[in-house]
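Q: need coordinates for the following:
(one chain, ligands or ions: 2)
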Amino acid sequence: MEVIKTEGLTKHFYDPLRRQAITAVDNLDLIVERGEIFGFLGPNGAGKTTTIKMLLGLIFPTSGQAWVLGNPIGDKKTREKISYMPENPYFYDYMTGEDLLYFYGGLFGLKGEALRKKVDELLGIVGLSEHRKKELRGYSRGMLQRIGIAQALINDPELLILDEPTSGLDPIAHREVRELLIRLKEQGKTIFLCSHQLSDVEMVCDRVGIMNRGKLVRTGRLEDLLKVGEMEIAVEGLEPSKIDAAEKIASRVYKKNGDVLLYADGEDKAQEIIDFVRQNGGKILSMVPLRRSLEELFVEIVKEVS
Ligand SMILES: Nc1ncnc2c1ncn2[C@@H]1O[C@H](COP(=O)(O)OP(=O)(O)OP(=O)(O)O)[C@@H](O)[C@H]1O
Ligand SMILES: [Mg+2]
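A: Residues are numbered from 1 along each chain as shown. Ligands and ions are numbered 1, 2, ... in the order given. Modelled structure (predicted):
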């Protein structure tokens, strides 16, 4: 089932300086499926936050339509099943971690034993049980980010929208937040992750969408987007003359200290190389599809269209 669906979603803002409308989001068609971690990417000003605000019903689209959890955006019942963590969550810093969760739980109508249980559970999920009695002003950035996620989970949302949950964190905290997102996904939550931290996105997201100047310029499964179509085949036991012959099939060859790596453009070529190596007394040690990094893809796409 689709958790988010948009059709031709568009937002214009009036720019009083230039006395003209600017198109912050331009005809966006997007689908996010239940249970996936979807990375929503794009350079500054691409239209990500504007899209999120429309999905949350905080601002109205100029045109187009969108549904969240099957209902039109802005639907009151749906809002209770969504949670949003803005980039810099505002905290009352004299509160302790558990005070904060009691406070927000209360806002959602939880009380008594149910509230106490929920707070315990969330502190456990985000790994802050030991620090529950500490004031937030004594929390590190990673701890604040984690208590922010706990707060976003208090209404047991089906959809979690996170804006930059890992910016400004140290490598350990990055990992902790990533692991937490994966655990939440395993519990069946859908996560819409807006981030400039491409290495985190690459590690946790199932699919990504890349925005540029209001338009969705690329979307798909990460593994498909990062494939470059080239295979690297490691072989041994081929005589030098046969290696020379294999070079004619391969797109390139790398030889060093007896290691031979043959590169094939596409699966058919890879099969041809494998057959050749086997028929000529060689052995295949490994075969891996080459990938580019998400950062390489991002830079390429954004350059291409700007
Ligand atoms: N309230 C507003 N009034 C006028 N223009 C706006 C308003 N909100 C956003 N914009 C413009 O819309 C465009 C998209 O902004 P948006 O905040 O959605 O970008 P973003 O992708 O979230 O960028 P960032 O990565 O910097 O957070 C920008 O050109 C921005 O200046
Ligand atoms: Mg933004």
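
Q: the stretch 151-300 of the chain: helices as residue ranges?
A: For the stretch 151-300 of the chain, helices defined by DSSP state H, counting those that start in this stretch occupy the ranges 171-186, 198-204, 222-226, 240-249, 267-279, 294-305.

Q: most packed of the ones you listed?
A: Ranked by mean neighbour count under mean count of other CB atoms under 10 Å, the helices of the stretch 151-300 of the chain are led by helix 198-204, which reaches a mean of 19. The C-beta positions use only the backbone N, C-alpha and C, and glycine is treated the same way.

Q: could you say what helices and strands that helix packs with?
A: strand 37-41, helix 171-186, helix 294-305 (3 or more CB pairs under 8 Å, 6 or more residues apart in numbering; DSSP states H and E).

Q: local confidence estimate at whatever residue of the stretch 1-150 of the chain ends up closest to ligand 2?
A: Going by CB to the ion, ligand 2 is nearest to residue 49 of the stretch 1-150 of the chain, at 3.1 Å. Looking at residue 49, its pLDDT is 93.

Q: what sits against the residue nearest to it when sequence neighbours are not counted?
A: Excluding its sequence neighbours, the residue lying closest to residue 49 (CB to CB, 6 or more residues apart in numbering) is residue 163, at 6.8 Å. Applying CB atoms under 8 Å, 6 or more residues apart in numbering, we find residue 163 in contact with 48-49, 52, 84-87, 194-195.

Q: pull up the per-residue confidence for residue 163.
A: 90.

Q: partner residues bridging it?
A: residue 194 (DSSP bridges).

Q: next, the angle from the helix or strand hosting residue 144 to helix 171-186.
A: Element membership for residue 144, per DSSP states H and E: helix 141-152. Here the directions of helix 141-152 and helix 171-186 differ by 20 degrees (axes from the mean of the first three to the mean of the last three CA atoms, to 10 degrees).

Q: what lies in contact with helix 141-152?
A: For helix 141-152, using CB under 8 Å, 6+ apart, the contacting residues are 83-85, 89, 91, 97, 100-101, 104, 122-123, 125-128, 131, 136, 139, 160, 162, 165-166, 168-170, 172-173, 176-177, 180.
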